[in-house]
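Asks: can you look at this prediction? I've put the sequence above it.
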Amino acid sequence: MTVTARELARALDDDLYGASYFGSGRNPMDRMGLSGYERYDRDTSNANAAAYLVWRWFAPRRTLDVGCASGFVVEALRELGVDAEGVDVSQFAVEQAAAGARGHVRQGDLTRRLPFRGRRFDVVTAYETLEHLPPEAVPAALAELRRVCAGYVVATIPSFGPNANGPGGWFPVKVRDERLDHYVGLGDGYEGPVPHEDLYRDAAGEPIEGHLTIASFGWWTGRFSDAGFVRCDEVERRMHPHLARFGLTKYWNLYVFRRPEAPEPGADVRTPDEIGRWEANFGLDTRTAAPDDLDAVAAALGRPATGTAGQPGR
């Protein structure tokens, strides 16, 4: 049955998440206004930073990366000693699995039933994934995340509006330019999601990057709460200075949730020597923060602005 499903998925035409989305056949320096990647690899996917966040604050035994694409996060986590698995809707991406993820990624659809038993994974990650679902599919998808999750969900989701635990989000390149003033004028009380007809478009006239749900931090937090999750405020606040240090504040809107019975994550679960060694191994110690990112995080957390690309909180 598994072989049959794989062959069927390979035979079906994937207009969005096929080869071209992941850079095949493109000039690697020119996306030409189309959705997808100029190139897709472990560096451009920020997989090392994504894996590091999970390793540093949760010390999981088993993890699942939902929307894993070619499994670069899975590969990085396995290098860190974690029993990591991945799942993605794109059969093409799974078949291009990174060397260290082969045999540990498979095709699956979050809107249906993932091919894993319940509560199998200590941490489930969904980096830049959930926004690809239409709003009406989000509740069932989050229920499926909860089914396979034994403890925590770490997600990044393009969002707008105020954020209680870090820098807020914005509307540009999320809504159509001609509708931007309208949405800015709605103020902080607007939660979304943005109607389909107002979503930002690529050169082919499709929602940019396949993003179908653009909503506020408050909306996403509410949907996770409806699914039975609790937002982990303090660990998000501890993570944000490091997102800024890695140059990711502008790109990743961070969320961490837990099942109600899981304990609130505490301080670092790794020693300073371990942290320093893996930051060097993953090249994270050479990442450059933009001063405005550091200042945005400092302002959100109620700390003095630094305007420098230091290394806070190591």
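Replies: Okay, I see it.

Asks: what residues are up against the closest residue in space to F121 that isn't next to it in sequence?
Replies: Across the structure, with Cβ to Cβ, 6 or more residues apart in numbering as the measure, the residue nearest F121 apart from its sequence neighbours is L64 (4.2 Å). The way it works is simple: take the backbone N, C-alpha and C, and place the C-beta from them, glycine included. Residues touching L64, when contacts are defined by Cβ atoms under 8 Å, 6 or more residues apart in numbering, comprise 84-87, 114, 116, 120-121, 123-125, 148-149.

Asks: of these, just the buried ones, ChimeraX syntax please.
Replies: Those of the contacts of L64 that count as buried under 16 or more other Cβ atoms under 10 Å are selected in ChimeraX with:
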select :84,85,86,87,114,116,120,121,123,124,125,148,149
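
Asks: in strands only, show me the contacts of L64.
Replies: A84, E85, G86, V87, F121, V123, V124, T125, C149 (DSSP state E).

Asks: and the fifth one, what are its bridge partners?
Replies: In this structure, F121 bridges to C149 when assessed by DSSP bridges.

Asks: for the fourth one, same thing?
Replies: On the basis of DSSP bridges, V87 takes part in beta bridges with V66, R106.

Asks: what about it, distance to R147?
Replies: Here the criterion is Cβ to Cβ, to the nearest Å. By it, V87 lies 13 Å from R147.

Asks: any shared contact partners between the two?
Replies: For the pair V87 and R147, residues contacting each of them under the criterion Cβ under 8 Å, 6+ apart are L114.

Asks: quick one: which of the contacts of L64 is nearest E178?
Replies: When the contacts of L64 are compared for distance to E178 (Cβ to Cβ), T125 wins out at 35.4 Å.

Asks: so which strand or helix has the residue nearest to F121?
Replies: Under the criterion DSSP states H and E, the helix or strand holding L64 is strand 62-66.

Asks: got the angle for that strand vs strand 83-88?
Replies: Going by axes from the mean of the first three to the mean of the last three Cα atoms, to 10 degrees, strand 62-66 is angled at 20 degrees with respect to strand 83-88.

Asks: show me what the helix or strand following strand 62-66 is packed against.
Replies: Helices and strands here follow DSSP H and E; after strand 62-66, the next one along the chain is helix 72-79. In terms of contact count using 3 or more Cβ pairs under 8 Å, 6 or more residues apart in numbering; DSSP states H and E, helix 72-79 is assigned the packing partners helix 47-58, strand 62-66, strand 83-88.

Asks: what is the rounded mean pLDDT of the second one?
Replies: Put plainly, it is strand 62-66. The pLDDT scores in strand 62-66 average 98.

Asks: same question, stretch 227-241
Replies: Averaged across stretch 227-241, pLDDT comes to 97.

Asks: contacts for that stretch?
Replies: The list of residues contacting stretch 227-241 from outside it, by Cβ under 8 Å, 6+ apart, reads 53, 57, 139, 142-143, 145-146, 152-153, 164-167, 221, 224-225, 249, 254-260, 264-265, 267, 294, 297, 300-301, 312-313.

Asks: buried ones among those residues?
Replies: For those, a neighbour count by 16+ other Cβ under 10 Å gives the buried set as 53, 57, 142, 145-146, 152-153, 165-167, 221, 224, 249, 254-258, 265, 294, 297, 300, 312.

Asks: now, those residues that are in strands?
Replies: Judged by DSSP E, the buried ones among the contacts of stretch 227-241 include Y152, V153, L254, Y255, V256, F257, R258 as members of strands.

Asks: for the second one, which non-adjacent residue is spatially closest?
Replies: Here the nearest residue to V153 in space, its sequence neighbours aside, is F257; by Cβ to Cβ, 6+ apart that works out to 4.5 Å.
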